[in-house]
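Undergrad: Sequence plus the predicted model coming up.
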Amino acid sequence: MTIFFKKQDKVCRFLNPFSGFEPSEAKCQVRWDPLTGRSGRLAHFVGLKPPAADLSQIIEGSKNNCPFCPENLSAMTPKFIKEEISEGRLEKGESVIFPNLMPYDAHSALAVLCQKHYRPLTDFPPQIFSNAFANCLDYLERVISDKARTFGLVTWNYLPAAGSSQVHPHFQVYATETPGNFISTQMAASQTYYRENSRAYWDDYLNAEIQTGERLIKEAGSSVWLTDFVSLSVLTDIIAIFPYKQTLFDLSMEALEETASMLNSLLSYLGKQGIYSLNMAWMPAVEGRPDCWLQLRISPRLYLAPHVWCTETPSLFYQYQESFMVWSPEDTAKDIRASF
(Lines give C-alpha, C1' and ligand atoms only; values in the text may rest on other atoms or scores of the structure.)
Protein backbone atom coordinates (compact mmCIF):
# COMPACT_ATOMS: atom_id res chain seq x y z
CA MET A 1 0.00 0.00 0.00
CA THR A 2 1.23 3.52 -0.80
CA ILE A 3 2.33 5.62 2.18
CA PHE A 4 1.34 9.27 1.88
CA PHE A 5 3.43 12.04 3.45
CA LYS A 6 0.72 14.67 3.51
CA LYS A 7 1.64 18.31 4.04
CA GLN A 8 0.10 21.71 3.36
CA ASP A 9 2.03 24.95 2.88
CA LYS A 10 0.61 28.14 4.37
CA VAL A 11 1.57 31.83 4.21
CA CYS A 12 0.92 34.53 6.82
CA ARG A 13 1.00 38.17 5.64
CA PHE A 14 1.53 41.28 7.78
CA LEU A 15 3.02 44.78 7.85
CA ASN A 16 6.53 44.45 9.21
CA PRO A 17 7.68 47.07 11.76
CA PHE A 18 11.33 46.18 11.03
CA SER A 19 11.01 47.20 7.38
CA GLY A 20 9.02 50.41 7.71
CA PHE A 21 5.73 48.49 7.89
CA GLU A 22 6.13 47.24 4.35
CA PRO A 23 4.08 44.12 3.48
CA SER A 24 5.90 40.93 4.49
CA GLU A 25 5.09 37.27 4.66
CA ALA A 26 6.19 34.23 6.63
CA LYS A 27 5.75 30.63 5.54
CA CYS A 28 4.74 27.65 7.62
CA GLN A 29 3.56 24.11 6.96
CA VAL A 30 1.12 21.63 8.45
CA ARG A 31 1.98 17.92 8.26
CA TRP A 32 0.13 14.71 9.11
CA ASP A 33 1.71 11.51 10.38
CA PRO A 34 1.04 8.83 7.75
CA LEU A 35 0.07 6.18 10.33
CA THR A 36 -2.01 7.95 12.98
CA GLY A 37 -2.97 11.20 11.27
CA ARG A 38 -1.36 13.16 14.15
CA SER A 39 -0.74 16.69 12.92
CA GLY A 40 2.26 18.94 13.50
CA ARG A 41 3.74 22.11 12.10
CA LEU A 42 6.98 23.29 10.57
CA ALA A 43 6.83 26.70 12.10
CA HIS A 44 8.08 30.23 12.35
CA PHE A 45 11.64 29.81 13.63
CA VAL A 46 12.74 27.59 10.73
CA GLY A 47 16.54 27.52 10.58
CA LEU A 48 16.89 28.47 14.25
CA LYS A 49 20.36 28.05 15.73
CA PRO A 50 19.87 26.75 19.28
CA PRO A 51 20.64 29.57 21.73
CA ALA A 52 23.33 28.73 24.25
CA ALA A 53 22.26 28.18 27.85
CA ASP A 54 24.72 28.59 30.70
CA LEU A 55 24.18 25.49 32.84
CA SER A 56 27.53 25.69 34.63
CA GLN A 57 26.08 26.74 38.00
CA ILE A 58 23.44 24.01 37.86
CA ILE A 59 26.04 21.39 36.98
CA GLU A 60 28.54 22.48 39.64
CA GLY A 61 25.92 23.01 42.34
CA SER A 62 24.31 19.64 41.73
CA LYS A 63 27.53 17.78 42.49
CA ASN A 64 27.00 18.41 46.19
CA ASN A 65 25.29 15.34 47.64
CA CYS A 66 24.40 13.90 44.23
CA PRO A 67 22.92 10.49 45.08
CA PHE A 68 24.13 8.98 41.80
CA CYS A 69 27.82 9.82 42.16
CA PRO A 70 29.89 6.77 43.17
CA GLU A 71 30.88 8.14 46.59
CA ASN A 72 27.19 8.52 47.57
CA LEU A 73 25.33 5.87 45.60
CA SER A 74 25.55 2.95 48.06
CA ALA A 75 24.34 5.08 50.99
CA MET A 76 21.77 7.29 49.23
CA THR A 77 19.95 4.95 46.83
CA PRO A 78 17.50 2.18 47.73
CA LYS A 79 17.88 -1.56 47.18
CA PHE A 80 15.50 -4.10 45.69
CA ILE A 81 13.81 -6.52 48.05
CA LYS A 82 15.63 -9.85 48.15
CA GLU A 83 12.63 -11.80 46.84
CA GLU A 84 12.70 -9.69 43.68
CA ILE A 85 16.43 -9.14 43.06
CA SER A 86 18.67 -10.83 45.60
CA GLU A 87 21.73 -8.67 44.82
CA GLY A 88 19.95 -5.50 46.00
CA ARG A 89 21.20 -3.56 42.99
CA LEU A 90 22.23 -4.63 39.47
CA GLU A 91 25.60 -3.61 38.05
CA LYS A 92 27.20 -3.90 34.63
CA GLY A 93 30.27 -1.82 33.82
CA GLU A 94 29.55 1.62 35.28
CA SER A 95 25.78 1.12 35.10
CA VAL A 96 23.92 0.58 38.39
CA ILE A 97 20.17 -0.15 38.66
CA PHE A 98 18.13 0.31 41.84
CA PRO A 99 14.48 1.00 42.75
CA ASN A 100 12.93 4.37 41.97
CA LEU A 101 11.86 6.13 45.19
CA MET A 102 9.15 7.86 43.14
CA PRO A 103 7.91 4.91 41.05
CA TYR A 104 5.84 5.06 37.87
CA ASP A 105 4.50 1.51 38.32
CA ALA A 106 4.85 -1.55 40.54
CA HIS A 107 8.20 -2.36 38.93
CA SER A 108 10.03 0.93 38.49
CA ALA A 109 13.78 1.52 38.64
CA LEU A 110 16.54 4.00 37.82
CA ALA A 111 19.68 3.08 35.91
CA VAL A 112 22.70 5.30 36.51
CA LEU A 113 24.72 5.28 33.27
CA CYS A 114 28.20 6.21 34.43
CA GLN A 115 30.28 7.38 37.35
CA LYS A 116 30.97 10.82 35.86
CA HIS A 117 28.51 13.43 37.17
CA TYR A 118 28.10 15.37 33.93
CA ARG A 119 28.82 14.62 30.30
CA PRO A 120 28.07 16.85 27.31
CA LEU A 121 26.37 15.04 24.45
CA THR A 122 29.71 14.84 22.67
CA ASP A 123 31.11 12.64 25.47
CA PHE A 124 29.04 9.45 25.64
CA PRO A 125 31.23 6.50 24.59
CA PRO A 126 29.25 3.57 23.12
CA GLN A 127 30.10 1.23 26.01
CA ILE A 128 28.16 3.43 28.42
CA PHE A 129 24.97 2.75 26.46
CA SER A 130 25.60 -0.92 25.67
CA ASN A 131 26.28 -1.71 29.35
CA ALA A 132 23.24 0.27 30.51
CA PHE A 133 20.94 -1.35 27.94
CA ALA A 134 22.15 -4.83 28.90
CA ASN A 135 21.65 -3.99 32.58
CA CYS A 136 18.12 -2.74 31.92
CA LEU A 137 17.32 -5.95 30.03
CA ASP A 138 18.56 -7.98 32.99
CA TYR A 139 16.22 -6.05 35.29
CA LEU A 140 13.22 -6.35 32.95
CA GLU A 141 13.86 -10.06 32.43
CA ARG A 142 13.62 -10.57 36.18
CA VAL A 143 10.45 -8.56 36.82
CA ILE A 144 8.36 -9.33 33.72
CA SER A 145 6.58 -12.67 33.93
CA ASP A 146 4.14 -12.20 31.02
CA LYS A 147 5.86 -10.72 27.96
CA ALA A 148 2.63 -10.87 25.95
CA ARG A 149 0.96 -8.32 28.25
CA THR A 150 3.76 -6.34 29.88
CA PHE A 151 5.80 -3.58 28.25
CA GLY A 152 9.45 -3.08 29.17
CA LEU A 153 10.07 0.66 28.92
CA VAL A 154 13.42 2.46 29.09
CA THR A 155 13.53 6.25 28.93
CA TRP A 156 16.09 9.02 29.36
CA ASN A 157 15.45 12.61 30.41
CA TYR A 158 18.79 14.40 30.17
CA LEU A 159 19.19 17.75 31.94
CA PRO A 160 16.46 20.14 33.13
CA ALA A 161 15.22 21.18 29.66
CA ALA A 162 14.14 17.53 29.22
CA GLY A 163 12.41 17.32 32.61
CA SER A 164 15.23 15.83 34.66
CA SER A 165 15.68 16.82 38.30
CA GLN A 166 19.15 15.23 38.39
CA VAL A 167 22.13 16.22 36.23
CA HIS A 168 23.86 12.85 36.62
CA PRO A 169 22.97 10.73 33.55
CA HIS A 170 20.37 8.06 34.32
CA PHE A 171 17.58 6.07 32.67
CA GLN A 172 14.10 5.32 33.96
CA VAL A 173 13.20 1.66 33.43
CA TYR A 174 9.89 0.07 34.29
CA ALA A 175 7.51 -2.76 33.48
CA THR A 176 3.88 -1.90 32.88
CA GLU A 177 0.68 -3.05 31.23
CA THR A 178 -0.07 0.63 30.42
CA PRO A 179 2.60 1.97 28.02
CA GLY A 180 1.16 5.45 27.52
CA ASN A 181 -1.01 7.10 24.91
CA PHE A 182 1.64 7.51 22.21
CA ILE A 183 2.54 3.81 22.06
CA SER A 184 -1.09 2.74 22.47
CA THR A 185 -2.21 4.94 19.58
CA GLN A 186 0.56 3.66 17.32
CA MET A 187 -0.23 0.05 18.22
CA ALA A 188 -3.95 0.48 17.49
CA ALA A 189 -3.24 2.10 14.13
CA SER A 190 -0.63 -0.55 13.29
CA GLN A 191 -3.12 -3.30 14.09
CA THR A 192 -5.76 -1.72 11.83
CA TYR A 193 -3.25 -1.40 8.98
CA TYR A 194 -2.14 -5.01 9.41
CA ARG A 195 -5.72 -6.27 9.41
CA GLU A 196 -6.59 -4.31 6.26
CA ASN A 197 -3.38 -4.98 4.29
CA SER A 198 -2.08 -8.31 5.65
CA ARG A 199 1.35 -6.77 6.22
CA ALA A 200 3.04 -4.52 8.76
CA TYR A 201 2.70 -0.78 8.26
CA TRP A 202 6.34 -0.39 9.27
CA ASP A 203 7.50 -2.49 6.34
CA ASP A 204 5.72 -0.22 3.87
CA TYR A 205 6.76 2.89 5.79
CA LEU A 206 10.47 2.03 5.71
CA ASN A 207 10.30 1.12 2.02
CA ALA A 208 8.72 4.52 1.31
CA GLU A 209 11.27 6.40 3.41
CA ILE A 210 14.21 4.54 1.85
CA GLN A 211 12.83 5.16 -1.62
CA THR A 212 12.50 8.93 -1.11
CA GLY A 213 15.71 9.17 0.93
CA GLU A 214 14.71 12.61 2.19
CA ARG A 215 14.70 11.71 5.89
CA LEU A 216 16.93 8.63 5.79
CA ILE A 217 20.08 8.81 7.94
CA LYS A 218 21.48 5.30 7.77
CA GLU A 219 20.54 1.69 7.15
CA ALA A 220 22.48 -0.16 9.84
CA GLY A 221 22.76 -3.91 10.23
CA SER A 222 19.76 -4.38 12.53
CA SER A 223 18.02 -1.01 12.30
CA VAL A 224 17.10 1.92 10.07
CA TRP A 225 17.69 5.47 11.33
CA LEU A 226 15.80 8.51 10.05
CA THR A 227 14.22 11.80 11.06
CA ASP A 228 10.51 11.80 11.79
CA PHE A 229 8.13 13.39 9.29
CA VAL A 230 6.04 14.79 12.19
CA SER A 231 8.34 15.10 15.18
CA LEU A 232 7.53 15.65 18.82
CA SER A 233 10.62 17.81 19.34
CA VAL A 234 10.89 21.31 17.91
CA LEU A 235 14.36 20.31 16.68
CA THR A 236 13.22 17.17 14.84
CA ASP A 237 13.09 13.67 16.32
CA ILE A 238 15.56 11.00 15.26
CA ILE A 239 14.04 7.52 15.22
CA ALA A 240 15.48 4.04 14.80
CA ILE A 241 13.23 1.22 13.62
CA PHE A 242 14.19 -2.42 14.19
CA PRO A 243 12.53 -4.54 11.46
CA TYR A 244 10.54 -7.56 12.65
CA LYS A 245 11.47 -6.95 16.30
CA GLN A 246 8.77 -6.20 18.85
CA THR A 247 10.56 -5.78 22.18
CA LEU A 248 13.98 -5.16 23.67
CA PHE A 249 14.16 -8.87 24.46
CA ASP A 250 14.33 -9.53 20.70
CA LEU A 251 17.64 -7.68 20.32
CA SER A 252 20.97 -9.45 20.36
CA MET A 253 23.98 -8.00 22.17
CA GLU A 254 25.38 -7.21 18.73
CA ALA A 255 22.28 -5.12 17.96
CA LEU A 256 22.56 -3.28 21.28
CA GLU A 257 26.22 -2.50 20.61
CA GLU A 258 25.36 -1.26 17.11
CA THR A 259 22.67 0.98 18.62
CA ALA A 260 25.13 2.28 21.21
CA SER A 261 27.60 3.16 18.46
CA MET A 262 24.92 5.00 16.48
CA LEU A 263 23.89 6.91 19.59
CA ASN A 264 27.48 7.97 20.16
CA SER A 265 27.65 9.41 16.63
CA LEU A 266 24.20 11.04 16.70
CA LEU A 267 24.63 12.61 20.13
CA SER A 268 28.01 13.96 19.07
CA TYR A 269 26.35 15.55 16.05
CA LEU A 270 23.62 17.11 18.21
CA GLY A 271 26.17 18.37 20.73
CA LYS A 272 28.16 20.06 17.97
CA GLN A 273 24.96 21.82 16.86
CA GLY A 274 24.59 23.36 20.31
CA ILE A 275 22.12 20.83 21.73
CA TYR A 276 22.69 19.99 25.39
CA SER A 277 19.50 18.21 26.49
CA LEU A 278 17.22 15.45 25.17
CA ASN A 279 14.56 12.86 25.81
CA MET A 280 15.10 9.33 24.57
CA ALA A 281 12.71 6.40 24.77
CA TRP A 282 12.45 2.84 23.55
CA MET A 283 9.02 2.33 21.99
CA PRO A 284 8.29 -1.40 22.25
CA ALA A 285 5.21 -3.48 21.63
CA VAL A 286 4.64 -6.76 23.45
CA GLU A 287 5.56 -10.29 22.48
CA GLY A 288 3.48 -11.74 19.63
CA ARG A 289 2.58 -8.53 17.78
CA PRO A 290 3.97 -8.84 14.20
CA ASP A 291 2.09 -5.67 13.22
CA CYS A 292 4.33 -3.55 15.48
CA TRP A 293 8.07 -2.98 15.22
CA LEU A 294 10.38 -1.82 17.99
CA GLN A 295 11.55 1.79 17.80
CA LEU A 296 13.95 4.12 19.58
CA ARG A 297 13.11 7.84 19.57
CA ILE A 298 15.47 10.74 20.35
CA SER A 299 13.87 14.14 20.94
CA PRO A 300 16.34 17.03 21.35
CA ARG A 301 15.26 19.60 23.95
CA LEU A 302 16.29 23.18 24.66
CA TYR A 303 15.24 26.52 26.08
CA LEU A 304 14.00 28.73 23.24
CA ALA A 305 15.01 31.84 25.19
CA PRO A 306 17.47 30.83 27.94
CA HIS A 307 17.68 34.37 29.38
CA VAL A 308 14.09 33.90 30.64
CA TRP A 309 14.18 30.05 30.78
CA CYS A 310 11.55 29.84 28.05
CA THR A 311 10.74 26.20 27.29
CA GLU A 312 9.48 24.83 23.96
CA THR A 313 6.20 23.49 25.39
CA PRO A 314 3.59 26.26 25.03
CA SER A 315 -0.17 25.67 24.96
CA LEU A 316 0.01 24.56 21.32
CA PHE A 317 2.02 21.51 22.37
CA TYR A 318 1.15 20.97 26.00
CA GLN A 319 -2.63 21.46 25.87
CA TYR A 320 -3.58 21.13 22.20
CA GLN A 321 -0.99 18.33 21.81
CA GLU A 322 0.09 19.83 18.49
CA SER A 323 3.83 19.56 17.88
CA PHE A 324 5.78 22.17 15.97
CA MET A 325 9.23 21.93 14.43
CA VAL A 326 11.76 24.66 13.83
CA TRP A 327 14.24 22.27 12.20
CA SER A 328 13.18 20.69 8.93
CA PRO A 329 13.35 16.88 9.18
CA GLU A 330 14.65 16.74 5.61
CA ASP A 331 17.41 19.31 6.14
CA THR A 332 18.39 17.73 9.44
CA ALA A 333 18.72 14.27 7.90
CA LYS A 334 20.83 15.71 5.09
CA ASP A 335 23.15 17.42 7.59
CA ILE A 336 23.51 14.26 9.71
CA ARG A 337 24.33 12.17 6.64
CA ALA A 338 27.01 14.68 5.70
CA SER A 339 28.45 14.56 9.22
CA PHE A 340 28.71 10.74 9.02
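TA: Looks like it came in fine. Numbering: from 1, shown residues only.
Undergrad: From here on, just use CA atoms for contacts and neighbour counts.
TA: Will do.
Undergrad: mind listing what's buried in stretch 28-48?
TA: With burial defined by 16 or more other CA atoms under 10 Å, the residues of stretch 28-48 counted as buried are 28-35, 39-43.
Undergrad: What lies in contact with that stretch?
TA: Under the contact criterion CA atoms under 8 Å, 6 or more residues apart in numbering, stretch 28-48 has outside partners 3-12, 26-27, 185-186, 189-190, 201, 229-231, 322-328.
Undergrad: repeat for stretch 72-83
TA: Residues lying outside stretch 72-83 but in contact with it, judged by CA under 8 Å, 6+ apart, are 65-68, 86-89, 98-101.
Undergrad: Just put these in TSV and tack on secondary structure, distance to residue 109 and neighbour count.
TA: TSV is the format used below for the contacts of stretch 72-83 (DSSP: H, G, I helix; E, B strand; the rest coil; distance: CA to CA, whole Å; neighbours: other CA atoms under 10 Å):
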residue	secondary structure	distance to residue 109	neighbour count
65	coil	20	12
66	coil	17	17
67	coil	14	17
68	coil	13	27
86	coil	15	11
87	coil	14	12
88	coil	12	16
89	coil	10	20
98	strand	6	22
99	strand	4	21
100	coil	4	20
101	coil	8	12
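Undergrad: As TSV, those residues with pLDDT would be great.
TA: Written out in TSV, the entries for these read as follows (pLDDT from 0 to 100):
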residue	pLDDT
65	91
66	97
67	97
68	98
86	95
87	95
88	97
89	98
98	98
99	98
100	96
101	95
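Undergrad: need the strands for this protein, in chain order.
TA: Ranges of strands in the chain, per DSSP state E, are 7-16, 22-32, 39-42, 90-92, 95-99, 107-112, 151-158, 170-176, 216-219, 224-227, 238-242, 277-283, 294-301, 323-325.
Undergrad: List the beta-bridge partners for residue 175.
TA: Taking DSSP bridges as the rule, residue 175 bridges to residue 107, residue 152.
Undergrad: do you know how far it is from residue 64?
TA: Relative to residue 64, residue 175 is positioned 31 Å away (criterion: CA to CA, to the nearest Å).
Undergrad: So between these two, which is more surrounded?
TA: Of the pair residue 175 and residue 64, residue 175 is the one with more neighbours under other CA atoms under 10 Å, namely 24 against 10.
Undergrad: Contacts only, for that one.
TA: With CA under 8 Å, 6+ apart, residue 175 has these contacts: 105-108, 140, 143-144, 150-153.
Undergrad: can you rerun that using 7 Å?
TA: With contact taken as CA atoms under 7 Å, 6 or more residues apart in numbering, residue 175 is in contact with 107-108, 140, 144, 150-153.
Undergrad: Which ChimeraX command selects the buried ones in the residues you listed?
TA: ChimeraX command restricting these to the buried ones, with burial defined by 16+ other CA under 10 Å:
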select :107,108,140,144,150,151,152,153
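Undergrad: Looking at the contacts of residue 175, spot the one nearest residue 250.
TA: Nearest to residue 250, judged by CA to CA, of these is residue 152 at 11.7 Å.
Undergrad: That closest one reaches residue 140, doesn't it?
TA: Yes. Under the contact definition of CA atoms under 7 Å, residue 152 touches residue 140, with a separation of 6.3 Å.
Undergrad: From residue 100, how far off is the residue lying closest to residue 117 once chain neighbours are set aside?
TA: Sequence neighbours aside, residue 168 is the residue nearest to residue 117 in space, at 4.7 Å (criterion: CA to CA, 6 or more residues apart in numbering). If you measure residue 168 against residue 100 using CA to CA, the figure is 15 Å.
Undergrad: and if you look at residue 112?
TA: Separation of residue 112 from residue 100 (CA to CA): 11 Å.
Undergrad: try residue 71
TA: 19 Å.
Undergrad: Per-residue pLDDT of residue 273, please?
TA: Per-residue pLDDT puts residue 273 at 94.
Undergrad: how far away is it from residue 51?
TA: Separation of residue 273 from residue 51 (CA to CA): 10 Å.
Undergrad: Which of the two has more residues huddled nearby?
TA: Using other CA under 10 Å, the more surrounded residue of residue 273 and residue 51 is residue 51, with 14 against 11.
Undergrad: how about the more buried one, what does it touch?
TA: Residue 51 makes contact with 304-305, according to CA under 7 Å, 6+ apart.
Undergrad: Let's see that with 10 Å instead.
TA: Neighbouring residues of residue 51 by CA atoms under 10 Å, 6 or more residues apart in numbering: 274-275, 302-307.
Undergrad: Next up, the contacts around residue 181.
TA: So residue 181 contacts residue 187 (CA under 10 Å, 6+ apart).
Undergrad: about what we covered before: what's the burial count for the residue nearest to residue 117?
TA: If we define neighbours as other CA under 10 Å, then residue 168 has 23 of them.
Undergrad: Please verify my assumption that it contacts residue 158.
TA: Yes. With contact defined as CA atoms under 10 Å, residue 168 reaches residue 158; the gap is 8.4 Å.
Undergrad: any idea how far residue 187 is from residue 115?
TA: Separation of residue 115 from residue 187 (CA to CA) stands at 37 Å.
Undergrad: Which residue of those two possesses the greater neighbour count?
TA: Neighbours were tallied for residue 115 and for residue 187 using other CA under 10 Å; the higher tally belongs to residue 187 (21 against 18).
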